[in-house]
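*Asks:* Show me the folded form of this:
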Amino acid sequence: MAENSFKNVSAQPKIFFLLQVKTLFLLGGVFSAFFILMVGLVFFDYAHSMDNAIFSLMRSNSSNPILDQTLQRIVFLGSSQFVLPLSLLVGVFLSLYRRNLVLGVWFVLSVVLFEALLESLKHLLAYSIQWLSRSANFPNATALSLTLFYGLLVLLIPHLITHQTLKNILFYSLFGLILLIGLALIVLGVSFSSVLGGFCLGALGACFSIGIYLSVFQKI
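*Replies:* Presented below is the predicted three-dimensional model:
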């Protein structure tokens, strides 16, 4: 009887672990479906009127050059020029804090490889698909970078921090920062479909990255 109870206790973390992995892959699949939907809308030019309407609504409230400069500085927080060096620092921190070099290297590679994958994909399709020349900014690289980087941090927070209040503060702060930078991009003239496409691609990258890591190493 004692042996059976021990097996039940040891099986509970495994079940919870499998549920986490399945949830991450499911979320990644949902974001993949949304991205494919956005590709279809852009391909058939259904997103053009929506982008113009949203841009006109947002831009009507931002004719101040000082506001534009402020928004550009906010957008810089999600650009690859800011995210890539910061990912190296986060990777070093994770390696030292968790005493797990693999986790730090995995985090850096997740950011760098998805950045490279996006640029390669856009250059490859630019010569073969005519619609991409009309929507060369789809998906937006900054939206992808910020969602991938900050999304990875959001997914890692429950594994790294046990204090519930601090966990909530960091979670909602990072999530709010993603939305703020995305809003700033739209106000500065980036189409809504490009930003949403970058969000979806970055989010599915973050979900798949952590999901694959947990599948391979089974802990963070």
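*Asks:* Low-confidence ranges, the chain, go.
*Replies:* 1-19, 45, 57-63, 118-119, 121-137, 218, 220 (pLDDT under 70).
*Asks:* could you pull out the helices for this structure?
*Replies:* For the chain, helices defined by DSSP state H occupy the ranges 2-43, 47-59, 65-76, 80-97, 101-126, 131-134, 141-160, 164-187, 192-217.
*Asks:* Let me have those in JSON lines, adding mean neighbour count as columns.
*Replies:* Glycine gets a C-beta too; all of them are placed from N, C-alpha and C. Formatted as JSON lines, the helices of the chain follow (neighbours: other Cβ atoms under 10 Å):
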{"stretch": "helix 2-43", "mean neighbour count": "13"}
{"stretch": "helix 47-59", "mean neighbour count": "14"}
{"stretch": "helix 65-76", "mean neighbour count": "13"}
{"stretch": "helix 80-97", "mean neighbour count": "16"}
{"stretch": "helix 101-126", "mean neighbour count": "16"}
{"stretch": "helix 131-134", "mean neighbour count": "14"}
{"stretch": "helix 141-160", "mean neighbour count": "22"}
{"stretch": "helix 164-187", "mean neighbour count": "16"}
{"stretch": "helix 192-217", "mean neighbour count": "22"}
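*Asks:* Excluding chain neighbours, what is closest to F93?
*Replies:* Spatial nearest neighbour of F93, excluding adjacent residues (Cβ to Cβ, 6 or more residues apart in numbering): G104 at 7.5 Å.
*Asks:* What's the separation between that neighbour and I54?
*Replies:* Distance from G104 to I54, counting by Cβ to Cβ, to the nearest Å: 39 Å.
*Asks:* What of L88?
*Replies:* 35 Å.
*Asks:* which ones are touching E115?
*Replies:* E115 is in contact with S80, L84, A141, L144, S145, L148, counting by Cβ atoms under 8 Å, 6 or more residues apart in numbering.
*Asks:* Spatially, which two of those are the most separated?
*Replies:* Spanning the widest gap among the contacts of E115 are L84 and L144, at 12.5 Å by Cβ to Cβ.
*Asks:* quick one: contacts for L196?
*Replies:* Taking Cβ under 8 Å, 6+ apart, we find L196 in contact with F34, M38, A143.
*Asks:* one more time with 7 Å, if that's ok
*Replies:* M38 (Cβ atoms under 7 Å, 6 or more residues apart in numbering).
*Asks:* Could you do L166 as well?
*Replies:* Taking Cβ under 7 Å, 6+ apart, we find L166 in contact with no residue.
*Asks:* ok, L170 touching I157?
*Replies:* Yes - contact between L170 and I157 holds when scored by Cβ atoms under 7 Å: they sit 5.4 Å apart.
*Asks:* Leaving out the residues flanking it, which one is nearest to V190?
*Replies:* N140 (5.4 Å).
*Asks:* Could you measure from L41 over to T162?
*Replies:* Distance, L41 to T162, using Cβ to Cβ: 42 Å.
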